[in-house]
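*Asks:* make a model of this:
(one chain, ligands or ions: 3)
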Amino acid sequence: MSQPAASASGAPVLEVRDLVTTFDTDAGRLTAVDGVSFTVHRGRTLGLVGESGCGKSTLVRLLARLLDASDGRIVFEGTDLAALPAATFARRPERAWVQMVFQDPTDSLNPRFTARDTIREPCTLLAGMGRKEADARVDEVATQVGLPLALLSRFPHQLSGGQKARVGIARALAPRPRLLILDEPTAALDVSVQAVVLQLLDTLRRDLGLTTLFVSHDLNVVRLLTDRVAVMYLGRVVEVGDSASVFAHAAHPYTRALLSAIPGHGPRIRLVGEVASPIDPPPQVCRFASRCPAVHDRCSREAPALAGAPGAPGAPGAGGAGALGAPAAHLAACHVARWGGAEPAAPAVAD
Ligand SMILES: Nc1ncnc2c1ncn2[C@@H]1O[C@H](COP(=O)(O)OP(=O)(O)OP(=O)(O)O)[C@@H](O)[C@H]1O
Ligand code: SF4
Ligand SMILES: [Mg+2]
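*Replies:* Ligands and ions are numbered 1, 2, ... in the order given. From the prediction side, this is the model:
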């Protein structure tokens with residue numbers, strides 16, 4: 001796999017600003033996505049990483065409008081998708097703009113639909129194609145994803161895992177989305193098939209100039225496949241920046257621990273301490289404080305905001321996550337990372 005040739009230009013395709021979603025549970029209000037902001041530019045791939053339960057799937061489901069946001073904006077080429085009523089969204093043309101490839105191709109395919117029915121459905125329902133045009137599009141996109149046309153008459157149970165994955169990718173691409181979301185697209189596949197499907201996604205991404213949001217636990221794949229990466233912890237983005245910069249100079253203690261799990265990426269940092277509860281989290285406390293090896297008094301008085309990491313080209317306020325225009329190269333939400341590891345002379349210094 002290789003780095004993409006596309007470069008960021010102009011306004012972002014997607015600008016997510018202060019996005020929040022809560023779930024009412026028996027234990028209280030669970031904040032699954034908590035004030036998340038980032039941008040994605042045309043033809044670029046943003047990776048989304050973080051441990052299980054940090055809110056990655058909830059976030060991408062918000063973007064695809066499969067869930068309602070409690071607050072915030074999802075501005076897609078000037079249109080705030082979060083403001084469109086959920087009840088009517090399925091019938092709106094914007095519904096075709098964002099398409100998702102789900103984790104488990106078996107679960108996400110209708111067992112009563114042939115592969116052709118599955119891929120054709122979004123063409124007619126979302127992209128307004130007539131039957132003949134939609135069938136031609138099915139053939140085109142099946143060819144692009146390497147699915148033999150002879151298999152289009154088969155039902156999911158008559159296909160292998162890799163073939164079902166190709167059907168899921170073809171279905172997502174069929175209505176020509178402006179943003180393709182891949183939520184752990186290979187996690188349910190055999191290891192041997194994973195590499196083939198990842199190679200296919202990388203080829204499609206570059207050949208079709210796709211704008212992509214890629215969720216994965218596989219940090220090596222994220223490093224190879226993405227231009228930028230956002231690291232989530234307990235509903236918040238704690239670090240975002242150019243992938244090369246984040247992987248080489250992680251600023252946030254959580255990112256450092258996460259990356260230390262990659263073989264050959266320095267000594268392993270094992271986190272101790274309890275993960276804080278996502279139920280009614282105190283807003284003034286850093287979410288990572290209970291496990292952070294660098295925790296400081298200030299971390300329980302004032303939750304840090306994303307700002308330029310020391311030594312990185314990005315600077316606070318210089319087109320940071322969520323600002324229009326070119327994104328800052330590297331931002332982290334950590335007081336200590338911003339001090340460069342040393343406590344400032346006056347701890348009350350403004351961020
Ligand atoms: N419908 C729901 N009702 C209540 N809580 C939910 C709901 N959906 C998700 N959550 C909670 O929101 C948090 C984020 O879940 P989410 O599935 O987004 O995590 P994730 O980062 O995708 O995890 P994984 O890597 O395991 O897929 C978790 O605490 C989860 O239990
Ligand atoms: S703000 Fe404090 S607790 Fe949070 S990550 Fe930085 S050093 Fe650790
Ligand atoms: Mg998930």
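
*Asks:* Three-state assignment for Arg298, please.
*Replies:* Here Arg298 takes the helix state, with states given by DSSP: H, G, I helix; E, B strand; the rest coil.

*Asks:* and it, how far is that from ligand 2?
*Replies:* Per C-beta to the nearest ligand atom, to the nearest Å, Arg298 is found 7 Å from ligand 2. No exception for glycine: its C-beta is placed from N, CA and C like everyone else's.

*Asks:* report how many residues lie close to that residue.
*Replies:* 18 (other C-beta atoms under 10 Å).

*Asks:* what does Arg112 give?
*Replies:* The burial count for Arg112: 9, using other C-beta under 10 Å.

*Asks:* pLDDT at it, what is it?
*Replies:* For Arg112, the pLDDT comes out at 97.

*Asks:* residue in the stretch 1-150 of the chain nearest to ligand 2?
*Replies:* Using C-beta to the nearest ligand atom, the closest approach of the stretch 1-150 of the chain to ligand 2 is made by Gly50 at 13.6 Å.

*Asks:* off-centre distance for whichever strand or helix holds Ala87?
*Replies:* According to DSSP states H and E, Ala87 maps onto helix 86-89. Relative to its chain's centre, helix 86-89 lies at 23 Å (C-alpha atoms, centre = their mean, to the nearest Å).

*Asks:* the very next helix or strand once past that helix vs ligand 1: in contact?
*Replies:* Downstream of helix 86-89, the first helix or strand assigned by DSSP H and E is strand 98-101. No. Applying C-beta under 6 Å from any ligand atom, one finds strand 98-101 separated from ligand 1 by no less than 12.7 Å.

*Asks:* ranges for the helices of the protein?
*Replies:* 56-63, 86-89, 105-108, 115-125, 131-144, 161-173, 191-207, 219-225, 243-248, 253-259, 335-338 (DSSP state H).

*Asks:* how about those in CSV, adding mean pLDDT, distance to ligand 2 and mean neighbour count?
*Replies:* Output for the helices of the chain, formatted as CSV (pLDDT from 0 to 100; distance: least, C-beta to the nearest ligand atom, whole Å; neighbours: other C-beta atoms under 10 Å):
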stretch, mean pLDDT, distance to ligand 2, mean neighbour count
helix 56-63, 95, 19, 22
helix 86-89, 75, 34, 11
helix 105-108, 84, 35, 18
helix 115-125, 96, 41, 21
helix 131-144, 97, 43, 16
helix 161-173, 96, 35, 24
helix 191-207, 92, 31, 17
helix 219-225, 92, 19, 19
helix 243-248, 94, 15, 19
helix 253-259, 96, 5, 22
helix 335-338, 85, 4, 23
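
*Asks:* nearest to ligand 1, of the ones you listed?
*Replies:* Between those, helix 56-63 lies closest to ligand 1; by C-beta to the nearest ligand atom that is 3.2 Å.

*Asks:* please list the residues outside the closest one that contact it.
*Replies:* 14, 16, 19, 21, 32-33, 36, 48-50, 67-69, 74, 81-82, 98, 100, 179, 181, 183, 213, 215, 232 (C-beta atoms under 8 Å, 6 or more residues apart in numbering).

*Asks:* make it 7 Å
*Replies:* With contacts defined as C-beta atoms under 7 Å, 6 or more residues apart in numbering, helix 56-63 is touched by 19, 21, 32-33, 36, 48, 50, 67, 69, 74, 98, 100, 181, 183, 213, 215, 232.

*Asks:* from the chain's centre, how far out does it sit?
*Replies:* Distance of helix 56-63 from its chain centroid, counting by C-alpha atoms, centre = their mean, is 8 Å.

*Asks:* cool, and stretch 49-67?
*Replies:* 7 Å.

*Asks:* endpoint to endpoint, it covers what distance?
*Replies:* Start-to-end span of stretch 49-67 (C-alpha to C-alpha, to the nearest Å) is 20 Å.

*Asks:* domain ranges for the chain?
*Replies:* 11-97+178-252+306-344, 102-177 (automatic domain parsing).

*Asks:* as TSV, those domains with distance to Leu271 would be great.
*Replies:* Converted to TSV, those look like this (distance: least, C-beta to C-beta, whole Å):
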stretch	distance to Leu271
domain 11-97+178-252+306-344	9
domain 102-177	25
